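Engineer: give the three-dimensional model of this entry:
(4 chains)
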Number of protein chains: 2
Amino acid sequence: MKILLIEDEEKAVKTLKKGLNEHNIDVDFAFDGTKGVKMALASEYDVIVSDVIVPGINGFDLTKHLRQKGIKTPVLLLTALNATDDKVLGLEVGADDYLTKPYEFKELLARLKALSRRGKEVPPPKLILKFADTEMNLTGKEFIRDGKKIELTPKEFALMEYFIRHQGRVISKAEIAEKVWDINFETTSNVVEVYVNYLRNKVDKPFEKKLIHTVFGVGYVLKDE
Amino acid sequence: MKILLIEDEEKAVKTLKKGLNEHNIDVDFAFDGTKGVKMALASEYDVIVSDVIVPGINGFDLTKHLRQKGIKTPVLLLTALNATDDKVLGLEVGADDYLTKPYEFKELLARLKALSRRGKEVPPPKLILKFADTEMNLTGKEFIRDGKKIELTPKEFALMEYFIRHQGRVISKAEIAEKVWDINFETTSNVVEVYVNYLRNKVDKPFEKKLIHTVFGVGYVLKDE
DNA sequence: TTTATTGCTTAGAATTTGCTTAAAAATGCC
DNA sequence: GGCATTTTTAAGCAAATTCTAAGCAATAAA
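Structural biologist: Just a heads-up that it's a prediction; the model follows:
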């Protein structure tokens, strides 16, 4: 196992490093948050352990930062405070566990093992929908056509997903409004048309084959013709 | 959207209710499983969210119970950290999704939306009318003769549908005007004639056999002769 | 054969429906 | 709170459909 330790008390680092090494755990360390973020981005760790109060970026912000960058490595925060609010904040921010000082080395070890196991858990099954030469990753919100990634906004993505889930069937604008926009009443809005237009610009225009077809007076169909 | 939340931690309920309400989601809640089942049977929800460990009936048994009663509302179970076995059991029992605590509110929201959408999906019954060598798909507004697809405008389609539904019977122009155009009074308009002409051009002209026949002074018949 | 009636065909005017664009409003992020 | 992005609204334009009207063709009765 390999962990990243972010801690500014030199003595603590030394003790921990020694203790952990004895249990076959490699330890990289950083003395401040800024350095810590850089290291976390640079290499893969099983767990990141950070004191909440360190120079530069503090533990909370560090966690937030990493999560925003898409780093999902489990984070264990260490703090002297036993404030419940801090714990809540820590978890909100994306940390996975919390340990208040002073703690027993055994406890730290146990949690590290648990977190490491968790990090290695098989990621939840990737939900992927496919249609013609397109592919959409529902968990990653990624849409690809002909190998090229296409950036879609959330609404565009939801609309495309609805199309793919009902490929080959003609879908009325009212149905789309209801299922994708949650509009249950008659509406004069033309959002659906606007978004179909947006989708076409991104998904169809750059390609030879068109996938979204209009059925006049009825709605739209997604088909490969 | 309206969900049922079964959770015994009062604080969690409060937080969730507030957060969900902000996203336009109505929340009913029950503090124990027994009450939860009763409520689920009494009203319709888009999604049921239940902690696995609640007083009375637990999340698994609750799901099983509801499924036995024929309730198909999607169920999202909340389980404690690292309980991989729980996941498997939950899904076997008929739950639709699981979320391990601690979870991000965003994630919960995303899954609720996904589940709500799934619950509302109803496989559309394909309505197809057939006559002679023609076939019409009422949901897709597709008309086919002799394997060849023929594009019809909405009015043309409606007229053809009326013909097929009354195949073999002589239909007066007044009847067509009333049933297809919603014209209930005497009219001097010749729309019906015009549209029969349009239909003939598309449906009969390119083929040997004619299907639409004029009965002079009376009306039209659809027959295969 | 003539004539009145009924039906057919056609062009284009009127209407409806869909597309596109820009800007305003709302949302989310630092 | 300001900024960037996303979503919605609104209006004008384009395309397709629907309808009207007029002339022509077919039919039936005289």
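Engineer: what helices or strands is whichever strand or helix holds A:Leu4 leaning on?
Structural biologist: Applying DSSP states H and E as the criterion places A:Leu4 in strand A:2-6. Applying 3 or more C-beta pairs under 8 Å, 6 or more residues apart in numbering or on different chains; DSSP states H and E, we find strand A:2-6 packed against helix A:10-22, strand A:26-30, helix A:33-42, strand A:47-51. Where C-beta positions appear, they are placed from N, C-alpha and C, glycine not excepted.
Engineer: and with 10 Å instead?
Structural biologist: helix A:10-22, strand A:26-30, helix A:33-42, strand A:47-51, strand A:75-79, helix A:105-120 (3 or more C-beta pairs under 10 Å, 6 or more residues apart in numbering or on different chains; DSSP states H and E).
Engineer: report the rounded mean pLDDT for the longest one.
Structural biologist: Taken as a whole, helix A:105-120 carries a mean pLDDT of 78.
Engineer: repeat that for the fifth one.
Structural biologist: When the per-residue pLDDT values of strand A:75-79 are averaged, the result is 85.
Engineer: contacts only, for the residue of chain A at minimum distance from DNA strand C.
Structural biologist: When distances are taken as C-beta to the nearest atom of the strand, chain A reaches nearest to DNA strand C at A:Thr214, 3.7 Å away. The contact partners of A:Thr214, taken as C-beta atoms under 10 Å, 6 or more residues apart in numbering or on different chains, are A:170, A:193, A:196, A:200, A:220-221.
Engineer: you'd agree it is in a strand?
Structural biologist: Yes - applying DSSP: H, G, I helix; E, B strand; the rest coil, one finds A:Thr214 inside a strand.
Engineer: what pairs with it across the strands?
Structural biologist: A:Tyr220 (DSSP bridges).
Engineer: roughly how far does it sit from A:Phe143?
Structural biologist: According to C-beta to C-beta, to the nearest Å, A:Thr214 stands 21 Å off from A:Phe143.
Engineer: what's the answer for A:Ala110, then?
Structural biologist: 42 Å.
Engineer: and the two? Which one has more around it.
Structural biologist: Neighbours per residue (other C-beta atoms under 10 Å in any protein chain shown) separate A:Ala110 from A:Phe143, with A:Phe143 holding more: 23 against 11.
Engineer: could you pull up phi and psi at the one residue in chain A that gets nearest to DNA strand D?
Structural biologist: The nearest approach of chain A to DNA strand D comes at A:Thr153, 2.8 Å away (C-beta to the nearest atom of the strand). The phi/psi pair for A:Thr153 (degrees, to the nearest 10) reads phi -80, psi 170.
Engineer: quick check: closest non-adjacent residue to it.
Structural biologist: A:Tyr198 (7.9 Å; C-beta to C-beta, 6 or more residues apart in numbering or on different chains).
Engineer: contacting residues for the one you found?
Structural biologist: Contacts of A:Tyr198 (C-beta under 10 Å, 6+ apart): A:152-153, A:155-156, A:159.
Engineer: determine which two of those residues are furthest apart.
Structural biologist: A:Thr153 and A:Leu159 (9.7 Å; C-beta to C-beta).
Engineer: what do those two both touch?
Structural biologist: A:195, A:198.
Engineer: compare these two (neighbour count), which wins?
Structural biologist: A:Leu159 (24 against 12).
Engineer: ok, the residue lying closest to A:Ala132 once chain neighbours are set aside to B:Lys126 distance?
Structural biologist: Spatial nearest neighbour of A:Ala132, chain neighbours left out: A:Asp224 (4.1 Å); criterion: C-beta to C-beta, 6+ apart. Distance, A:Asp224 to B:Lys126, using C-beta to C-beta: 19 Å.
Engineer: A:Pro74 too?
Structural biologist: In terms of C-beta to C-beta, A:Pro74 sits 49 Å off from B:Lys126.
Engineer: okay, those two: which has more neighbours?
Structural biologist: A:Pro74 (23 against 10).
Engineer: worst-scoring helix or strand of chain A, pLDDT-wise?
Structural biologist: Least confident helix or strand, chain A: helix A:84-92 with a mean of 62, by mean pLDDT, DSSP states H and E.
Engineer: dump the following helix or strand past that one to PDB, restricted to CA.
Structural biologist: Following helix A:84-92 in sequence order, the next helix or strand is strand A:97-100 (DSSP H and E). C-alpha atoms of strand A:97-100 as PDB (Å, rounded to 0.1, in the frame of the first residue of the first chain):
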ATOM      1  CA  ASP A  97     -13.100   9.400   7.000                       C
ATOM      2  CA  TYR A  98     -12.000  11.500  10.000                       C
ATOM      3  CA  LEU A  99      -9.700  10.900  12.900                       C
ATOM      4  CA  THR A 100      -9.300  13.200  15.900                       C
END
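Engineer: packing partners of strand A:97-100?
Structural biologist: Using 3+ C-beta pairs under 10 Å, 6+ apart, strand A:97-100 sits against strand A:47-51, strand A:75-79, helix A:84-92, helix A:105-120.
Engineer: in its sheet, what does the first one sit against?
Structural biologist: Think strand A:47-51. Assessed with DSSP bridges, strand A:47-51 is paired to strand A:2-6 (parallel), strand A:75-79 (parallel).
Engineer: for those strands, which one sits closest to A:Pro102?
Structural biologist: Ranking these by proximity to A:Pro102 (C-beta to C-beta) places strand A:75-79 first, at 10.2 Å.
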